[in-house]
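Undergrad: Got a sequence here, can you model it:
(chains A and B)
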There are 2 protein chains.
Amino acid sequence: MGEAPACFDCVAIVGPGLIGASMGMALRERGMARRVVGIGRRRSSLDKALQVGAIDEATLVMEEGVRGADLIVLATPIGSFAQLAGQIADAAPRNALLTDVASSKAQVIRTVSSALADRRDIAYVPTHPMAGGEQSGPLAAAADLFEDAICIITPAGTSGEEPQARLQMMWEGFGARVVKMSPEEHDRTVARISHVPHLAASALVAFLHDADMEVCGRGLVDTTRVASGSPDMWIDICGSNAREIARALAEFATVMEQMRKQIECGDYAGLRVTLARAKEKRDRLVQSRRPDPGGRPL
Amino acid sequence: MGEAPACFDCVAIVGPGLIGASMGMALRERGMARRVVGIGRRRSSLDKALQVGAIDEATLVMEEGVRGADLIVLATPIGSFAQLAGQIADAAPRNALLTDVASSKAQVIRTVSSALADRRDIAYVPTHPMAGGEQSGPLAAAADLFEDAICIITPAGTSGEEPQARLQMMWEGFGARVVKMSPEEHDRTVARISHVPHLAASALVAFLHDADMEVCGRGLVDTTRVASGSPDMWIDICGSNAREIARALAEFATVMEQMRKQIECGDYAGLRVTLARAKEKRDRLVQSRRPDPGGRPL
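TA: Down below sits the predicted model:
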């Protein structure tokens, strides 16, 4: 990657779990922050983040943790955002930059922006790094988690150009490809590319009969990987993007129902069109995820 | 694995593609057949099978290929079974053992058994090795493809105990775990654990909007791997297991629709139950797929 710019003096990571701790590791290993502080609810979890080298210091107290921070990262489950953003509004240094890494955006942005109503000095830049898997916690973190990943920045009302540019530089420093879109476009898109696929994986496992478990091949274990993700985290995500997820689920159901009818009626020419189009699309997807031959990671 | 028993004198593999050629490689590398002959429609494909060491000899002519074979493996797409089983009935040596490796069974067994009506001497043992992925052809073959995989044997009318035991010994020699069930139970089970997951993966890709493709993470690429499988092969599979697939698709749609309603109505306690049950089931699945600590592959 070459050397990354030293973006920040002190970064406070609220909730150094899989994503937060991976950010801490990436910041520290690449010399992009002079100091990284972890803020959490449980000492045991913070100790793990210290142990894997994700943070320099740890505290259970928001006020202590954000002292002197020029970047604050909100990396907890969405359900705690209202409360934590309120604490951040009370304690954050003047002109701090605030970001979050939640998987849904429009409602999250309303929640955080509302908590920040009296802190116009804080620049809030919402992001969504599309990385991580079914694992969680700092012990699953990795400094290279974001390499070749996509990070979506969804500018909120308070994000100016300069704070966005700093965040973009940080994510590109981690090896991610940054894409900007509106919070609404993000939520619609991510419902299709992430939330519905997750629910489908869970449904594919949920609808198995007990006797099926004996004969499941590795294929199903692989393709339902995300179904082992934390139910609580996914409840939060579904709750905060309910409308778009419900809409995308209905679209998905239409495609599945069409397939069922085609099979029931023996319309294999029609089914073949759907399967061939899916294959062509996925092959294109695999192609586009390959590193650029010129050497720049996509 | 230790040394495997030399099961067969001459094995004829009709259609040495991914599965057929992997069987040839496993038979030859483990010394389980004295000679392996590939029978195919295209010289170029047979040349590849020769090149990767899957077969000793190749021919385009069924009659030549099965001469002297004590095991004949039908490993072509299901759509060609009626014709090829007829050719096998005409040309197979007395008392030959015939097996197939198709992903659906009840209808396949009817087709093959009907072609063999005048050849009561041929023992037909249908099998379904649950291995392979979205790739196809002999160049994707591997001698270890079946290690730790599950192979389902679905006894047909003509399979006696001894032919079944020989096939079971062969698959166990390849490192697979053999499970026996009736063709009907197989088709119901495999509709849920393989056919519907495949169609769901295709639907997840098919329902993406073009703009979504730009921001798809590696997660979706991984979990939709099977959607890059051959549409023709999957049309054959759907056609030969239509009733069970349509039924399983309806069951799957019920689970998905329940999730959609729960999200629409804000019933997150209900959704949590589904997600938690799915996680618990999948975690159990991952556990059961691990090699036994005692050393015997599951």
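
Undergrad: what helices or strands is whichever strand or helix holds A:Ala278 leaning on?
TA: For A:Ala278, the host element (DSSP states H and E) is helix A:268-289. Packing partners of helix A:268-289 (3 or more C-beta pairs under 8 Å, 6 or more residues apart in numbering or on different chains; DSSP states H and E): helix A:242-265, helix B:196-206, helix B:218-223, helix B:231-240. Yep, even glycine has a C-beta here, placed from its N, CA and C like the rest.

Undergrad: Now do that helix: distance to the chain's middle.
TA: Here the centre of helix A:268-289 is set off from its chain's centre by 27 Å, with C-alpha atoms, centre = their mean, to the nearest Å.

Undergrad: Then stretch A:41-61?
TA: That offset, for stretch A:41-61, works out to 21 Å (C-alpha atoms, centre = their mean).

Undergrad: Report the mean confidence score over that stretch.
TA: Averaged across stretch A:41-61, pLDDT comes to 97.

Undergrad: how about the strands in chain A?
TA: A:8-14, A:33-39, A:57-59, A:71-74, A:97-100, A:123-130, A:150-153, A:177-180 (DSSP state E).

Undergrad: Which other helices and strands does the first one contact?
TA: Meaning strand A:8-14. Using 3+ C-beta pairs under 8 Å, 6+ apart: strand A:8-14 touches helix A:18-29, strand A:33-39, helix A:62-65, strand A:71-74.

Undergrad: So which residues make contact with the first one?
TA: Defining contact as C-beta atoms under 8 Å, 6 or more residues apart in numbering or on different chains, one finds that helix A:18-29 is touched by A:7-8, A:11, A:13-14, A:16, A:32-33, A:36, A:38, A:48-49, A:52-56, A:73, A:75-76, A:101, A:129, A:131-132, A:135-138, A:140-146, A:170, A:173-174.

Undergrad: Please repeat the previous calculation with a cut-off of 6 Å.
TA: Helix A:18-29 has contacts (C-beta atoms under 6 Å, 6 or more residues apart in numbering or on different chains) with A:11, A:13, A:16, A:33, A:36, A:49, A:54-55, A:75, A:101, A:132, A:136, A:138, A:140-143, A:145, A:174.

Undergrad: hang on, the earlier thing: make JSON lines out of the helices and strands packed on strand A:8-14 and add mean neighbour count.
TA: Formatted as JSON lines, the helices and strands packed on strand A:8-14 follow (neighbours: other C-beta atoms under 10 Å in any protein chain shown):
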{"stretch": "helix A:18-29", "mean neighbour count": "26"}
{"stretch": "strand A:33-39", "mean neighbour count": "24"}
{"stretch": "helix A:62-65", "mean neighbour count": "18"}
{"stretch": "strand A:71-74", "mean neighbour count": "27"}
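
Undergrad: Which stretch among those approaches B:Ala203 most closely?
TA: The closest of those to B:Ala203 is helix A:18-29. By C-beta to C-beta, the value is 28.6 Å.

Undergrad: Spell out which residues of the stretch 1-150 of chain A are next to chain B.
TA: Selection of the stretch 1-150 of chain A residues close to chain B by C-beta under 6 Å from any C-beta of the partner chain yields A:130, A:150.

Undergrad: returning to that earlier point: which stretch among the helices and strands packed on strand A:8-14 comes nearest B:His195?
TA: Within these, the stretch nearest B:His195 is helix A:18-29; the backing value is 33.3 Å (C-beta to C-beta).

Undergrad: which intervals of chain A have sub-threshold pLDDT?
TA: A:1-6, A:289-298 (pLDDT under 70).

Undergrad: about what we covered before: buried stuff in the helix holding A:Ala278?
TA: Judged by neighbour count (16 or more other C-beta atoms under 10 Å in any protein chain shown), helix A:268-289 contains these buried residues: A:268, A:271-272, A:274-276, A:278-279, A:281-282, A:285-286, A:289.

Undergrad: For these, please prepare CSV with the additional fields distance to A:Gly229.
TA: Shown next, in CSV, are the buried residues of helix A:268-289 (distance: C-beta to C-beta, whole Å):
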residue, distance to A:Gly229
A:Tyr268, 35
A:Leu271, 31
A:Arg272, 33
A:Thr274, 28
A:Leu275, 28
A:Ala276, 31
A:Ala278, 24
A:Lys279, 27
A:Lys281, 24
A:Arg282, 22
A:Leu285, 21
A:Val286, 23
A:Arg289, 21
